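Asker: following is a predicted model, sequence given first.
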Amino acid sequence: MHTSYYRVDDHTYFERFGLGYDHLSVGQKFIHRPGITFSQQDNVNEALDSVNSAMVHFDQCFAEHTSWRKNIMVSTLTLQRLIGMTTKTFGRRRRIVAMSSIALTKAMFAGDTLYVESEVVGVEDIDGDLGRVVLRTEGFNQHGEKVATLDYTIELWRSAAGPDREQCPDRPALESRFASHLQRPDGAWLEQVGIFFEDLRVGETFIHSPRRTILAEEAVLHALRSLDWNPQTHDAEYARSAGLAGPVVIQTWGIGIAVALSTRTFGRVTVNLGWSDVKFGVDLMAGDTIEARSTVLDTRLSKSRPDEGVVTVLTEVHNQRGEFVNSYQRVLMVYRRSAPNPYGDAGY
């Protein structure tokens, strides 16, 4: 089996997503999940941020006079997501060596959902740390129509190598509940999206990975979009006069980042019921890298929703200096594996 968890001790696990070069062989096929639905806002952002002046992407009145009759997605956005959506399997990629062919066979529009599949076409040893992998990645829309085919070569770290080798214990957790992929009857490996309710055990701790570095631009943007216009969140001179090194990250977004970091393990959540006992430590600043870890405090079956269970977790966050940033208890509802759930019908 392939796993996303490595054992630190009997009750603590380190998340690591992406297979090592030594886990791949020619002919393997991978079904990448989740899919992603494109929006017209995605289209506009990609065009304007990249200074793409083709107005068919963002001028609806113009697009109505073309053969498409509506805005067509920027093709390089599809390309980026074709690669990005393979991360759960090929996330230990060092670099893309070359792309021999990029074929876009059907247009994508706002409202379309992209799903991605890959096949290992070739493997070649480089040295004791790296291997070269030849891949064919294909994209399909929600109707099963092929929209793109990408042939390319990557360099991939071996399981025992790479920049995270000091963080990740060399003790893979091989229990079936931790499987990163499930093998379908046709032999393809289907990526998994979190742990079911029955497989979450009280007292176990998960160190969430990868960590997250916060950029100054996104910190200011989140403050402004939250209407948190306190000048210390976006006015550098004001922040310095207050004795700060620069604008601070709004504390509510610090909670949001921590929750997001935990979704690789708690990816089968149906709803977040709330937080309690929220505590804050040092200010979170642009340039900080944070790591979150969560401990399962309690699990119980839901009385009102029998297909789900209620889970209480404690999440704690520290920065790159080991300083405490925030912590909270969170109550969430999680799908049960043994009860009806949406995954099979949705292609997961």
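Answerer: Here it is on my side, so go on. This one's a predicted model, so the numbers in the text were calculated from it and none came from an experiment.

Asker: tell me where this structure has helices.
Answerer: Here the chain has its helices, by DSSP state H, at 40-49, 60-63, 75-84, 87-90, 216-225, 236-241, 251-261.

Asker: remind me what the third one packs against, helices and strands.
Answerer: Applying 3 or more Cβ pairs under 8 Å, 6 or more residues apart in numbering; DSSP states H and E, we find helix 75-84 packed against helix 40-49, strand 93-104, strand 113-125, strand 130-140, strand 146-157. Glycine gets a C-beta too; all of them are placed from N, C-alpha and C.

Asker: could you dump these to a markdown table with mean neighbour count and distance to R33?
Answerer: Putting these into a markdown table (neighbours: other Cβ atoms under 10 Å; distance: least, Cβ to Cβ, whole Å) gives the following:
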| stretch | mean neighbour count | distance to R33 |
| --- | --- | --- |
| helix 40-49 | 16 | 19 |
| strand 93-104 | 13 | 18 |
| strand 113-125 | 17 | 8 |
| strand 130-140 | 20 | 12 |
| strand 146-157 | 19 | 17 |
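
Asker: tabulate those (JSON lines), appending distance to S327 and mean pLDDT.
Answerer: Formatted as JSON lines, the helices and strands packed on helix 75-84 follow (distance: least, Cβ to Cβ, whole Å; pLDDT from 0 to 100):
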{"stretch": "helix 40-49", "distance to S327": "34", "mean pLDDT": "97"}
{"stretch": "strand 93-104", "distance to S327": "33", "mean pLDDT": "98"}
{"stretch": "strand 113-125", "distance to S327": "36", "mean pLDDT": "98"}
{"stretch": "strand 130-140", "distance to S327": "38", "mean pLDDT": "98"}
{"stretch": "strand 146-157", "distance to S327": "32", "mean pLDDT": "98"}
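
Asker: burial of R300, as a residue count?
Answerer: 10 (other Cβ atoms under 10 Å).

Asker: isn't G309 right up against L332?
Answerer: No. Between G309 and L332 there is no contact under Cβ atoms under 8 Å: 9.5 Å.

Asker: most packed of the helices of the chain?
Answerer: helix 87-90 (a mean of 21; mean count of other Cβ atoms under 10 Å).
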